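S.K.: dropping a prediction and its sequence here:
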Amino acid sequence: MKARAMLGNATFDPAQLKTVYKAFDEAWEIVAPQISSRPEALEAARMRLAEFIIGLARNGKPDARTMTETAVQLMLADPPRLDIDR
């Protein structure tokens, strides 16, 4: 998937990358049910989440739990951009 590739291509050491992947996966489990089931909406949301996680990791959010919680808050704060069509 493009979002996981984006995470993997970011400049992190192996331990940081493991934390970034964990935060992304945990945040996605929470956010995914709020996203439209359309493939393009899902992919756009995953890319947006990856961008948030990378930004958080680069700006001093050191642990997966903090990154997960913050990314979820950011994702859910602006639902129209997530293309929710329930």
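M.R.: Sure, I can see it.
S.K.: only C-alpha atoms for contact and neighbour calcs from this point on.
M.R.: Fine.
S.K.: give me the below-cutoff pLDDT ranges for the chain.
M.R.: In the predicted model of the chain, residues 1, 78-86 satisfy pLDDT under 70.
S.K.: do that again at 50, thanks
M.R.: 80-86 (pLDDT under 50).
S.K.: give me the buried positions along stretch 61-81.
M.R.: Residues 61, 64, 67-68, 70-72, 75 are the ones in stretch 61-81 that count as buried (16 or more other CA atoms under 10 Å).
S.K.: now do the helix or strand where residue 3 lies: which elements does it pack against?
M.R.: Using DSSP states H and E, residue 3 falls within helix 2-9. The contact analysis (3 or more CA pairs under 8 Å, 6 or more residues apart in numbering; DSSP states H and E) places helix 2-9 against helix 14-31, helix 39-58.
S.K.: any chance of those in TSV, plus mean neighbour count?
M.R.: Formatted as TSV, the helices and strands packed on helix 2-9 follow (neighbours: other CA atoms under 10 Å):
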stretch	mean neighbour count
helix 14-31	18
helix 39-58	19
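S.K.: let's have these in JSON lines, adding distance to residue 7.
M.R.: As requested, those are arranged in JSON lines below (distance: least, CA to CA, whole Å):
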{"stretch": "helix 14-31", "distance to residue 7": "7"}
{"stretch": "helix 39-58", "distance to residue 7": "6"}
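S.K.: what's the closest non-adjacent residue to residue 31?
M.R.: residue 72 (6.5 Å; CA to CA, 6 or more residues apart in numbering).
S.K.: how about the one you found, what does it touch?
M.R.: Neighbour list for residue 72: 27, 30-31 [criterion: CA atoms under 8 Å, 6 or more residues apart in numbering].
S.K.: and it, how far from residue 28?
M.R.: 8 Å (CA to CA, to the nearest Å).
S.K.: and if you look at residue 51?
M.R.: 13 Å.
S.K.: and what of residue 14?
M.R.: 21 Å.
S.K.: residue 11 now?
M.R.: Relative to residue 28, and taking CA to CA, residue 11 is found at 21 Å.
S.K.: who's in contact with the residue nearest the centre of the chain?
M.R.: For the chain, the residue nearest the mean C-alpha position is residue 49 (2.6 Å; CA atoms, centre = their mean). Residue 49 sits next to 24, 27-28, 71, 75 when contact means CA under 8 Å, 6+ apart.
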